[in-house]
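Engineer: Sequence and predicted structure, then a few things I'm wondering about:
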Amino acid sequence: MYTLTAPSSLLLVFFCCFSLNLQAQTGSHHEPVRYIGGNSIDPDRHEGRLRYAIGVESRQTLRVNRSQPELADGHGWTYNHASNLAYWEGKFYQQYLSNPVDEHIAPGQTLLITSEDGRRWSSPEVIFPPYPAPEGTEIPAGYDGYMMHQRMGFYTSKNGKLLTLAFYGHTEDPFEEGGIGRVVREIKKDGTLGPIFFIRYSSHTHWNDSNTAFPFYQSSPDEGFKAACEELLANTLMTLQWRDEDNGMDGFYKGERGGSAFSFFTRKDGKTVGLWKRSMAALSADGGENFTPSVRAPTLTMAGGKVWGQKTRDGRFAMVYNPIDIDEYRYPLIAISSDDGIIFDDMVLVQGEVPARRFYGRWKDFGPCYVRGIVPGNGMPPGNDMWLTYSMNKEDMWVSRVPTPIRHRVGGPVDDDFDQLEEAGLVPDWNIYAPLWAPVNVVKAPDGPGLALELKDEDPYDYARAIRVFEESKAVHVSWELMVAPENAGLLEMDVVDQYGNRPVRIKINPEKQLSYMAGHLEQKMGEVKAGVWQKLRLEINAQPFGSYDLYWNGQLVAEKIPLTEAVKSVERISFRTGPYRNLPNRKTPNEDPVPPLPGADDKDAMALFYIDNVKVSD
């Protein structure tokens, strides 16, 4: 038996005490979250060369229109941004701010769109108009007018009230001394709106209920509304979203300022993670009452776009952001996921499209900007999906439905005939990209019973797109049926793609209904496709280096050993797209003042209309 001497006893006591106090850096306040995946994006590809999060459905909720405002928001304003989302009483609510042309240039207003299913959305309604300054109020020196700025859109109270909020300030700087205050009103179950009140004035200024356009909430005769406001004011995590505009000279906010554009989630260990722009993060052990000093998470690459974090419906965690450190380019939109809210892995693509920016405007960054999900307490839509909202190019508004658990691989054969689905419903395992003028939907087959996938496109600067991910394969059979509608006057490109977005197999039908394929770098025409009749295409692909494929059209071998357009080691998805391939967005601006919109931006194009059915993939 070994007997400890005095020095060794002291050493053991020291070692034990040191071990008890030792903790890993990752997960502590030194590094609240960590991404261990290792892969990053290629900034020269708007899809980033990433795999897709399988089954994401992205739909446009507003397409701006300057010359025909009745087709958009009724105002013709082309700067739209800062979207927020809630789900209440069986309906989605999307709120966003809007300016005529430029960011932080007056006037500004906030609008609301609603939907019962997340696919079909109402016309926008103004819920906070441009600030109507009281008579005799002068704009302070150094400011140019009034604008809106908000980081938070909704709050659902325990007494069943749905509040919507926004912030009024002065252009071009609505923060602190430039702020006026935060406004609130109730959205009622019948869709009507309660009156506008201020819920908090900027603590850096002299504004109060005697010199502002709307009364203070405490003057409301509705006791339930006042109780909901008081509840919100007492909710630290909710009101920390307000801190950007007003840093709280009156002590309203606790602790140091962690960063800009706050979002949060509670980890599996019960600690709350605070997230801000530019990779900043912090921890709270008391539900947000106090946060550790914020630190930059070294494994998260971000710039000035927002980051969203949440616990997902499958009991896991997700963070969503633009993994690029250039402020002007906010693409792609990606998700990483975690079992415990600390260690994140599997960077996958949520939104990789970047359509042309049709209207110039100051600070209108390219790509899906300022992502937000549904803040805890603001509703849980049916299903197990994560719902996200964002602006595209700070111009149009979008939502994305992300199935959970988040996957980027599938196994086994594919056999999709769409007949068991609902018309205009979700399409399991398909990634859908659907602008308002280029919708993708399950519809009745045009020639009789059964259902098919319809791609319709009248957008001159965007396209409809549907992608089916299949099991990664070096040798694979892919087949599908398609129909060109008699009224079609557009393009359909059909690509088989590898995990990085390379397109080794490229087939298309042009507006003249000519079917062709690429053999290496050469286009080979096969003949005219008869409209209104189902056509069957089948590919036998060998994706070995310097691989090839055989092409069958309506059961007949058209060409064999066609060289791949790009050398790849495997393939894993098929893409149907009603427009030509695009990579980076248009970054050039005409040297004119004012800068004109893209030609024909407000007018529909000749219609492309195609149907897809019986998609099959096997070894």
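Structural biologist: Arrived safely.
Engineer: Can you list the residue ranges for strands in the stretch 251-400 of the chain?
Structural biologist: Applying DSSP state E, counting those that start in this stretch to the stretch 251-400 of the chain gives strands spanning 263-266, 272-276, 280-284, 295-296, 308-311, 317-321, 333-338, 343-351, 368-372, 385-392, 396-403.
Engineer: which outside residues touch the longest one?
Structural biologist: Spelled out, it's strand 343-351. Identification of contacts with strand 343-351 by C-beta atoms under 8 Å, 6 or more residues apart in numbering yields 26-27, 33-37, 39-41, 47-48, 50-53, 56, 58, 317, 319-320, 323, 331-338, 368, 388, 390, 398, 400, 402, 406, 408. The way it works is simple: take the backbone N, C-alpha and C, and place the C-beta from them, glycine included.
Engineer: Quick one: neighbours of residue 561, just the number.
Structural biologist: 11 (other C-beta atoms under 10 Å).
Engineer: Revised request: answer the last question for residue 169.
Structural biologist: Neighbourhood size, residue 169 [other C-beta under 10 Å]: 28.
Engineer: Parallel or antiparallel, which strands does the helix or strand harbouring it pair with?
Structural biologist: Taking DSSP states H and E as the definition, residue 169 sits inside strand 162-171. Each strand paired with strand 162-171, and its direction, by DSSP bridges: strand 145-148 (antiparallel), strand 154-156 (antiparallel), strand 179-187 (antiparallel).
Engineer: what's the distance between the longest one and the middle of its chain?
Structural biologist: In terms of C-alpha atoms, centre = their mean, to the nearest Å, the gap separating the centre of strand 179-187 from the centre of its chain is 25 Å.
Engineer: average model confidence for that strand?
Structural biologist: Average pLDDT, strand 179-187: 98.
Engineer: What of the second one?
Structural biologist: Model confidence over strand 154-156 averages 98 on the pLDDT scale.
Engineer: in what helix or strand does the residue nearest to residue 42 when sequence neighbours are not counted lie?
Structural biologist: Nearest residue to residue 42, sequence neighbours excluded (C-beta to C-beta, 6 or more residues apart in numbering): residue 49, at 4.4 Å. Assigned by DSSP H and E, residue 49 falls within no helix or strand.
Engineer: Residue 525 now?
Structural biologist: Using DSSP H and E, residue 525 falls within strand 522-528.
Engineer: now the contacts of strand 343-351: which count as buried?
Structural biologist: For these, a burial check counting by 16 or more other C-beta atoms under 10 Å picks out 27, 33-35, 40-41, 47-48, 50-53, 56, 58, 317, 319-320, 323, 331-338, 368, 388, 390, 398, 400, 402, 406, 408.
Engineer: Pass me the low-pLDDT residue ranges in the chain, would you?
Structural biologist: 1-23, 586-590 (pLDDT under 70).
Engineer: try 90 this time
Structural biologist: By pLDDT under 90, the weakly predicted segments of the chain are 1-24, 38-40, 42-46, 254-257, 326-329, 448-449, 544-546, 583-595, 619.
Engineer: Domain map for it?
Structural biologist: For the chain, automatic domain parsing gives the domain ranges 34-403, 414-618.
Engineer: which parts of stretch 65-80 are buried?
Structural biologist: By 16+ other C-beta under 10 Å, the buried positions in stretch 65-80 come out as 65, 66, 71, 72, 73, 75, 76, 77, 78, 79, 80.
Engineer: Using CSV, write out the CA atom coordinates for that stretch.
Structural biologist: The C-alpha trace of stretch 65-80 is given here as CSV (Å, rounded to 0.1, in the frame of the first residue of the first chain):
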residue,chain,number,x,y,z
ASN,A,65,-42.8,47.2,-58.8
ARG,A,66,-42.1,50.9,-59.2
SER,A,67,-44.2,51.7,-62.3
GLN,A,68,-47.1,49.4,-61.5
PRO,A,69,-47.4,49.6,-57.7
GLU,A,70,-50.8,47.9,-57.7
LEU,A,71,-48.9,44.7,-58.5
ALA,A,72,-46.8,45.0,-55.4
ASP,A,73,-47.3,47.1,-52.3
GLY,A,74,-49.5,49.9,-53.7
HIS,A,75,-46.7,52.4,-53.3
GLY,A,76,-44.0,51.6,-55.7
TRP,A,77,-41.2,51.7,-53.1
THR,A,78,-38.2,49.6,-54.0
TYR,A,79,-36.1,49.5,-50.8
ASN,A,80,-37.5,46.8,-48.5
